[in-house]
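> Okay, structure incoming, though there's no sequence with it:
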């Protein structure tokens, strides 16, 4: 460059001076001081910024730590665009980010979530000009020679890695133990609510482990093929509790558990068949255009926030046990999360099982020491038959604090094989089936966010819309199996699994499959189910407080793919979360007098809305459906968010629209084909059905 070109004024920070920019007069105090906000508002671009130039190849950092911060990669972690013509030499390559989200500079290639859209080669660069006001110079993320962003250096095992039986076995079992709470806690909530005994809880827990292992093998082989564990999702918990507390079941005494289970089976089978149709018909490829981070975030967060009436009120029945359970898990997962033993952060990875073991040991010592022994009182005598006022006063503490009240472990057989229709022939009612159809749609929204987030960690590119539809279709089939076997809930991708992948740094598909086989073997040992069923109820509530809080946080974490500081998004998220709590509260409290004596515990009262909701038409089934649906927090959050996000104007970058790999590009790239193509030549069948293939 000639000496006649004016030199630029050095900018504050680590950025090198632009060689061809002219000094511009500062327009504000921020310009004068060199201040640049890092939290983007309406004007700034977030991680979904525009990438116009390929930076200079650089060796990836092998010691990237997700706990310390995000890798220096775009949010979606993938760029694919034509090579730009030679640029004027500079010390480092630069990335230009547009501050205004309403439009893009012509020299930029628009991207969403970090994935650049293929664009024609730009014209030759114009003569040196000064930097525009709407552009800023920032450090470029590290990239590989072929243009792909290096995102895998922090993973110990990537998607297609198979280092050997022992390593993947160890990591696979570790992966399942780290999400133990998500697998075993739901049966401990719904079976007692259905009037089931400890033996029934043991049988359902074993069935859940068996179905989870089978459906995980199916999903990792013939679904999305991402290392995602299938299991009983908390998305199904609220509607299941609403069905359990239906008015027609309140008067049942004999065989109440089996009757309600057969009703649940019928509803889950029909709702899952609807989800299968959405997936394999290709409708999901169209619906996914309406599902963005601004929709996914409040929907999943509302799932966790909706159980506030169940969590701590049950913990309070034995505060010295339940509160200790919560505190131990918090200390392990937050204060001790950096401590490593043999290269493993055991306190972070095993926070739930370790917390359960320690709290159970404390409760056992207190029980053996006679702390919960009251003279003349027997826990085996029903409270209604107790004559002594002293015993009736302490029966609640004896029931919830003692660890020897369950005989599930002793009465469970050593071998038990879960089989389909073990509770009897399913019963089908259209009003309950419609509720489950809506819930299956919400679970699909949950899975869309999980597919996207997990693909950024373990795959070369995000899946194509066809792969996404194929995964949703197989999740529907998996839930049909769950309905036939009688788990009490549908089977879907566990949202917590994505967090586990990031923490354990294990993304191998083989490890998840081997762990699923281990889960199936455990399900055949009846004593395992008996051990799960013997976990005291107050400890279950304490663990659920942590799990539901994590679920709410994981839902909100999807906002990192959008403009989190945009006033548009802030208002939409705020309205969605507020109305997801307020509207169901109106339905749940409608028609209930303050002094009414209800037959269900206080923490189950939000789920009896079908009998007293505001809808009172001459069609009883329609009243049941509408009162139940609008009492579910996640449904209200989804409706508010999907309507506002798709009607309020906003750029794709601001909304954080999920970008999925293009089918044509995926077929041409061997890495993408190896990640998502179906095994055993099954993929040849789906080549004729393009909407569920690559």
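Perfect, I can see it now. Since we're looking at a predicted model, the values are computed, not measured. Residues are numbered from 1 along each chain as shown.
> And the next helix or strand past the least confident helix or strand in the chain by mean pLDDT?
Sorted by mean pLDDT, DSSP states H and E, the helices and strands of the chain end with strand 135-138, the least confident at a mean of 36. Scanning forward in sequence from strand 135-138 by DSSP states H and E, the next helix or strand is helix 165-178.
> you'd agree residue 457 is up against residue 155?
Yes - counting by Cβ atoms under 8 Å, residue 155 is a contact partner of residue 457 at 6.7 Å. For every residue, glycine as well, the C-beta is placed using N, CA and C.
> Now list whatever residues contact both of these two.
Common contact partners of residue 457 and residue 155 (Cβ atoms under 8 Å, 6 or more residues apart in numbering): residue 507.
> where are the low-confidence patches of the protein?
Applying pLDDT under 70 to the chain picks out residues 1-153, 376, 378-388, 390, 593-599, 686-688.
> and the residue nearest in space to the middle of it, what is it in contact with?
Nearest residue to the geometric centre of the chain (Cα atoms, centre = their mean): residue 495, 2.1 Å. With contact taken as Cβ under 8 Å, 6+ apart, residue 495 is in contact with 233, 300, 446, 449, 450, 551, 554, 555.
> Just the closest of the residues you listed to residue 346, please.
residue 554 (21.4 Å; Cβ to Cβ).
> In three-state terms, label that closest one for me.
At residue 554 the chain is in helix, as set by DSSP: H, G, I helix; E, B strand; the rest coil.
> Wait, it touches residue 300, no?
Yes - in this structure, residue 554 is within contact of residue 300 by Cβ under 8 Å, at 6.7 Å.
> Which of these two has more residues huddled nearby?
residue 300 (29 against 23; other Cβ atoms under 10 Å).
> With residue 498 as the reference, measure out to the more buried one.
Going from residue 300 to residue 498 by Cβ to Cβ, to the nearest Å gives 11 Å.
> What does residue 415 show for phi and psi?
Here is the backbone geometry of residue 415 (degrees, to the nearest 10): phi -130, psi 130.
> quick one, what contacts it?
524, 525, 526 are the contacts of residue 415 under Cβ under 8 Å, 6+ apart.
> Show me where the stretch 151-300 of the chain has its strands.
With strands called from DSSP state E, counting those that start in this stretch, the stretch 151-300 of the chain shows them at 230-232.
> swap that for the chain, sorry
Here the chain has its strands, by DSSP state E, at 95-98, 111-112, 115-116, 135-138, 230-232, 491-493.
> Residue 332 contacts residue 347, correct?
Yes - the pair formed by residue 332 and residue 347 meets the contact definition of Cβ under 8 Å, at 4.3 Å.
> shared neighbours, these two?
residue 354.
> Scan the chain for its longest helix.
helix 430-458 (DSSP state H).
> picking that back up, what residues do residue 300 and residue 498 have in common as contacts?
With Cβ under 8 Å, 6+ apart as the test, residue 300 and residue 498 both reach residue 554.
> give me the number of residues near residue 329?
Counted by other Cβ under 10 Å, the residues lying close to residue 329 total 26.
> where does the residue nearest to the centre of the chain sit relative to residue 448, distance-wise?
Distance, residue 495 to residue 448, using Cβ to Cβ: 11 Å.
> How about residue 644?
Distance, residue 644 to residue 448, using Cβ to Cβ: 18 Å.
> contacting residues for the closest residue to residue 305 other than its chain neighbours?
Closest residue in space to residue 305, ignoring its immediate chain neighbours: residue 552 at 5.2 Å, by Cβ to Cβ, 6 or more residues apart in numbering. Contacts for residue 552 (Cβ under 8 Å, 6+ apart) come out as 300, 301, 302, 303, 304, 305.
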